[in-house]
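1. sequence plus the predicted model coming up.
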Amino acid sequence: MSAQGPISHTAGEIAVVLRPKQPAIIQFMKRLMHKPLGFISFLIILGVVFCALFADIVAPYDPDLTDRTATLVAPNVAHPLGTDPLGRDVLSRIIYGARISLFIGILATGTNVILGATIGMIAGYYGGRLGMIIMRCMDVVMAIPLIILAIVMVGILGPSTKNVILAIIVVGTPSVARVTEGIVLSVSKNVYVDGGKAIGATDFRILFRYILPNILHVTMVQFSIGMGFNILTESSLSFLGLGSPPPTPTWGQMLSGSGRRYFALAPWLAIWPGLAITLVVYSYNMLGDALRDLLDPRMRGS
Amino acid sequence: MTRFIVRRLLMLIPVLLGVSLLIFTLMRVVPTDVAAMMLGENVSTETLASLRKDLGLDKPIPLQYFEWISNVVRGDLGRSIWLPDKTVTERLLQRLPVTFELALIATSVGIISGISFGVLAAVRQDTWVDNVARAVGIIGLAAPSFWIATIVILFPAIFWGWSIPAAYVDLTENPGNHLMKIVPAALVLGFSLTATVMRYSRTTLLEVLRQDYVRTARAKGLTERVVIYRHALKNALIPVVTISGQAFARQLGGTVIIETVFNIPGVGLLMIGAITARDYNMVQGGILILALFLAFSNLVVDVLYAVLDPRIRYS
Amino acid sequence: MFQTCSEPGRTKGKAALVWAYLAASALLLAACGPSATQTPSGTQSEQPPQAQGQPQRGGAFRVMVSGYVSYGTVDAHRASFSPPVGFAGQSVNQIVKRNLNSGKYDIIPDLAESWQVSPDGLTYTFKLHKGVKFQNVPPVNGREFTSDDVEYMIKRISADPSIVLDKWKDLFTRRSDFTSVASIEKPDKYTVVVRMKQPDAVFMHNMATIGTIIVPKEMIDENPDRLIQDKIIGTGPFICKEYVPDVRQYCDRNPDYWKKDENGTQLPYLDRLEKNFYSGGDTSGAIAAFLAGQIEALAGQGGGPPSLTDADITTITKQMGDKAYLITSSGGNFGHIRINAKRPPFDNVKMRRAVYLAIDRQQIIDSTNRGGAEISALIPPALAGGGAQSVDDLLKLPGYRQPKDQDIAEAKRLVKEAGYDGATIDMNTSGSTAVIADLAALIKEQLGKAGINVNVKLTANYQDHLNEMLADKFNLTYTGHGASPDPDEYIYKHFATKGARNYYKFSDPKWDQLAEKQRAAVTDEERKKAVQEAVAYHAEVAPSVPLSATYNQFFYRSYTHGFGKPVQNVDGSAYFDVYWMDKR
């Protein structure tokens, strides 16, 4: 990541750019529409969020309801995506699965981003010995391949939704912190920060008024891409038997469990949750790309 | 340059110490009596105590750490608790080559395909080419690798009665069969990297294309082709080198999943078994070695970066 | 579910660790359970045609077996479960063994030509084959096998201090198997007389069980720890040349093997045996390998749930047509829901009975085993001769009968009476595979109907599961083990207070008395009655809910022969010495 911030703007200008007045959201949407992939991804994510929020209404069946007379039914009118070996409706499980995937994703990624940005801001702003110690600690975590650290954590603590989220937070936070620190380091050198100090602003005020707005765009991109990455991590952990306990319908578990086991006879079991993961991860990545293009001042106007 | 390398190597020491402490603590967060695990049910407390003593598990945990780390510093990773006939180092050395081979091929695949897609996307920014290139590239990032791997293994077997060799053989024993197994696995693993590299090279190329010297080149009346491939590309791709270290790190982690699905006896499979068995020395040693290699590959990348880009000078 | 093959229990140690190994064994490793004389219904089963013509020499037989092998012991004397037996299997012989090819599951001679039991059940006399030589491999170099080796084996399994280092004696998890042996006498090189302290109905079973293998003292003494590490020598048909944990084991024909076929032709027919290991739990690679003709036989993970699902079977059958035989037999693995009778709420027998009644075994089998299992009481129906109920009889009993309405109503009433209506109870799993997830979901739903609200706690693997059991951190769990051909396994070892595999800590004086009674029985009739008594009492006190007995399911390529009747690798290795192929 580049360590360059927007140079030579005044604080006032920055505020205008990053905290636009009312119609700005519409402006933003208009700009997003010029990035078709990003826009479609945005719509897909909205759809998934809607499904997750209103799963009770959207899903045709109770996701945990078994039906011994309709096991491994191929997709048909009653079960548009077929049923699993217990006769549970795959569509309903995928819709409810969106809930748990987003829950894990948002909670873990949100914590990553907030925690990582805070750590990065503190380390970058105060610098010196404190900053160094903080960043060396981040280096330690980042020195271990992410997925392996996550496997060790969940393997030792035991598989549960809580521990999966915890593992994702631990492995994901340092990279956010590192990127944030880099930006803060360069931003702090800017004239307007010095200006702020000169007029006697507190550290707190400088961090939140002057520095935070400058890292927000990166943070948003990181959140979007992190969501995708973390949903994948959750499914990989599920694949290794380190996911949420049954009967929780998680996409990772559906895919790695019966999905793989019955692949030959009932390919729909693997295809739908696989597509769901791919589509959502894909959308978050595309949206992240579009956000990067739109929000990064260097990219604007291209 | 030498000073830079020496300094980086010195900086490595606290990080690796940190890694050792982190992993040591993590393995012991949930108290598990490994002696009881090994001996099973109807065991006398004396026997348990004596085995714990043999394994050094009766000592206070800080002391255990101290003893372990002082051996590690001397190059001794200890012995597996469960399989004491070989040292952890011997077992890791046996498994490391195949994991590295896998990660290396995968990283190369990811970088080459990523740069190609990235250049294509940047040159035709915001056209359908850009969109298609990115769309395809990101599929690799979005689709779970174990899912693709399962399809790669089962699909040809079900429909054409052919499959990649299920049994692993060493490169020296049967190079053909060895590569038939490693290469598909590496392709699946490498595909997940394409998007990251693509994104990065697209961004850097776009940045370079906006710089003055490119404008100058255009102004001189050079064709767009020459401008991009002669002038811009070279400078745009140098920064891509910097992420190849990170990429290798991620691929090294990804081998755990791929080794499990493709049945390749590398470090990943060994680690999964060792975590299950709470084989402290094996997990600690394995992760320390992986971290060490990662650090070295990052160092190599940084040095390479300096060599490639004359503007970069480390001091 | 049912992560381990055969006897995870006894050893919660290394043995159990190999949970993933599951028995894979099936083929090679053998091990799991009793067989039925009839082909189980509910699966499409092709009887292999009788081999045409004379057996031919030559060829390499390749199989894939599952396992995180590097984390299992290969010392078969230490644990009588599949991985070590898979490792040792074709290199060794036993004194007596279970007959896998007859379908009757009887005990037949191997290195013993014959044996006699005195009428009081106190003296066993074994007459050994003469002129049997160990494999011509250092350090034994083809030495003759004698009665000394039999004594050595029994002593080593019993962790005799003269043989086993003191610090390792607890690793010998079968050390109580031969405690009823008073002395071993060797009147000559080819006779062994075992005198007993008291009659022991399980002695011959222990002699015939898979881990009771003959290995030369010289091989053990070579290793400073005197444990079997990665080299195995015996009197068996194949000499194992190369063993790479987690990867493979290659074995070549033993040219000096002592057995001949009925025409006097030297066995074995095959030149080579190749076992490749695949990573635990993931069968897709093995299935692909079989479809692609890379291996000669494909075993379901015998100990686990049928890892060959009906989907796999349909696919393979469709794909391979007459190029492969499907062989199905009873007696793969045996699954229970275990109930912790030592703490609330299940210290109340009403609650245990409620679970016993509410569980719909048929739905579980239909959904998770998909035709690959039959319902079972404490002792699998395949052992009906030994005192088990047949499937038809079971279907008339409470808990088993359909429809479930009556039993569920009764279960509900019991839960209310016990005062736990609507209570939430944790259930641990014994791993986290697809089948376990499905099974947990079903149990949760079924017990929900009786007013018991189950909260599933996932356990990453079988090892962690055993740790939870031993630490008494469970209310309800399900687990499985290889079916054993002897009822003692189910009655004494799992539920008697002193039972070696009773880590679920069930204790009931009346049960202990029944368990001792069947052990001390001298005649078969006496024993059968004692067993039936115990089975009936089990349903009453419900320390567990037996769910299913899975079938073993194998595919063989049609050019392979000699594997006989459907019964394979049940409590013993497959007989590779008589396998042959007419294509190589």
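-> Here it is on my side, so go on. Numbers count the residues shown, from 1 in each chain, chains lettered A, B, ... in the order given.
2. alpha carbons only for contacts and neighbour counts from here, please
-> Noted.
3. ok, which residues in chain A are in contact with chain B?
-> Neighbours of chain B within chain A, by C-alpha under 8 Å from any C-alpha of the partner chain: A:35, A:37, A:136-137, A:139-141, A:143-148, A:152-153, A:155-157, A:228, A:232, A:235-236, A:239-240, A:255-256, A:260, A:264, A:274-275, A:277-282, A:285-286.
4. those residues in helices, which ones?
-> Filtering the residues of chain A next to chain B for membership in helices, criterion DSSP state H, returns A:37, A:136-137, A:139-141, A:146-148, A:152-153, A:155-157, A:228, A:232, A:235-236, A:239, A:260, A:274-275, A:277-282, A:285-286.
5. out of those, who's near chain C?
-> Filtering those for proximity to chain C by C-alpha under 8 Å from any C-alpha leaves A:155, A:260.
6. counting neighbours, which of the ones in helices among the residues of chain A next to chain B end up buried?
-> Taking 16 or more other C-alpha atoms under 10 Å in any protein chain shown as the criterion, what is buried in those is A:37, A:136-137, A:139-141, A:146-148, A:152-153, A:155-157, A:228, A:232, A:235-236, A:239, A:260, A:274-275, A:277-282, A:285-286.
7. so what's C:Arg272 up against?
-> The contact partners of C:Arg272, taken as C-alpha atoms under 8 Å, 6 or more residues apart in numbering or on different chains, are C:58-61, C:238, C:250-253.
8. now C:Met320
-> C:Leu291.
9. swap in B:Ala149?
-> Contact analysis of B:Ala149 by C-alpha under 8 Å, 6+ apart lists B:185, B:188, B:258, B:261-262.
10. alongside chain C, which residues does the stretch 1-150 of chain A contribute?
-> A:64-66, A:68, A:71, A:85-86.
11. and with 7 Å instead?
-> Within the stretch 1-150 of chain A, the positions near chain C by C-alpha under 7 Å from any C-alpha of the partner chain are A:68, A:85-86.
12. low-confidence ranges in chain A?
-> A:1-24, A:191-193, A:296-302 (pLDDT under 70).
13. by residue count, tell me the biggest helix in it.
-> In chain A, taking DSSP H as the definition, the longest helix is helix A:90-126.
14. quick one on the thing from earlier: among the residues of the stretch 1-150 of chain A next to chain C, which are in helices?
-> Going by DSSP H, the helices hold none of the residues of the stretch 1-150 of chain A next to chain C.
15. what's the spacing between the residue nearest to C:Tyr575 when sequence neighbours are not counted and chain B?
-> Leaving out its chain neighbours, the residue that sits closest to C:Tyr575 by C-alpha to C-alpha, 6 or more residues apart in numbering or on different chains is C:Phe563, at 7.1 Å. Using C-alpha to the nearest C-alpha, to the nearest Å, C:Phe563 is found at 24 Å from chain B.
16. show me which residues of the stretch 201-350 of chain C are close to chain B?
-> Within the stretch 201-350 of chain C, the positions near chain B by C-alpha under 7 Å from any C-alpha are C:246-247, C:276, C:278-279, C:282, C:284-286, C:288-289, C:291-292.
17. out of those, flag the one nearest to C:Ala208.
-> Among these, C:Asn276 lies closest to C:Ala208 (C-alpha to C-alpha), at 26.7 Å.
18. that closest one in helix, strand or coil?
-> strand (DSSP: H, G, I helix; E, B strand; the rest coil).
19. that one and C:Phe87 touch, don't they?
-> No. Using C-alpha atoms under 7 Å, C:Asn276 makes no contact with C:Phe87, being 11.2 Å away.
20. what's the closest non-adjacent residue to the most centrally placed residue in chain A?
-> Centroid-nearest residue in chain A: A:Met227, 1.6 Å away (criterion: C-alpha atoms, centre = their mean). Leaving out its chain neighbours, the residue that sits closest to A:Met227 by C-alpha to C-alpha, 6+ apart is A:Gly105, at 5.4 Å.
21. neighbours of the one you found, how many?
-> Residues within reach of A:Gly105, counting by other C-alpha atoms under 10 Å in any protein chain shown, total 25.
22. please put the alpha-carbon coordinates of stretch C:186-205 into CSV.
-> The C-alpha coordinates for stretch C:186-205 follow below in CSV (Å, rounded to 0.1, in the frame of the first residue of the first chain):
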residue,chain,number,x,y,z
LYS,C,186,6.2,-75.6,26.4
PRO,C,187,6.5,-79.4,26.4
ASP,C,188,8.3,-79.2,23.1
LYS,C,189,9.1,-76.8,20.2
TYR,C,190,5.7,-77.3,18.6
THR,C,191,3.3,-77.5,21.6
VAL,C,192,2.0,-74.8,23.9
VAL,C,193,-0.1,-75.5,26.9
VAL,C,194,-1.9,-72.5,28.5
ARG,C,195,-3.2,-73.1,32.0
MET,C,196,-5.9,-70.8,33.3
LYS,C,197,-6.7,-69.5,36.8
GLN,C,198,-10.4,-69.7,36.1
PRO,C,199,-12.6,-70.4,33.0
ASP,C,200,-12.4,-67.4,30.6
ALA,C,201,-15.0,-67.4,27.8
VAL,C,202,-13.1,-64.5,26.2
PHE,C,203,-9.6,-66.2,26.0
MET,C,204,-10.0,-67.7,22.5
HIS,C,205,-11.4,-64.4,21.3
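23. quick one: mean pLDDT over that stretch.
-> Averaging pLDDT along stretch C:186-205 yields 93.
24. which members of the contacts of C:Arg272 are the farthest-apart pair?
-> Checking these with C-alpha to C-alpha, the most distant pair is C:Gly58 and C:Tyr250, at 15.2 Å.
25. flag the shaky bits of the stretch 1-150 of chain B, pLDDT-wise.
-> Of all residues in the stretch 1-150 of chain B, those with pLDDT under 70 make up the ranges B:37-44, B:83-85.
26. at 90 what do you get?
-> The stretch 1-150 of chain B contains residues with pLDDT under 90 at B:1-15, B:26-62, B:64, B:72-88, B:90-91, B:94-95, B:111, B:115-150.
27. for chain A, what's its nearest residue on the stretch 251-400 of chain C.
-> In the stretch 251-400 of chain C, the residue that lies nearest chain A is C:Ala311 (4.6 Å; C-alpha to the nearest C-alpha).
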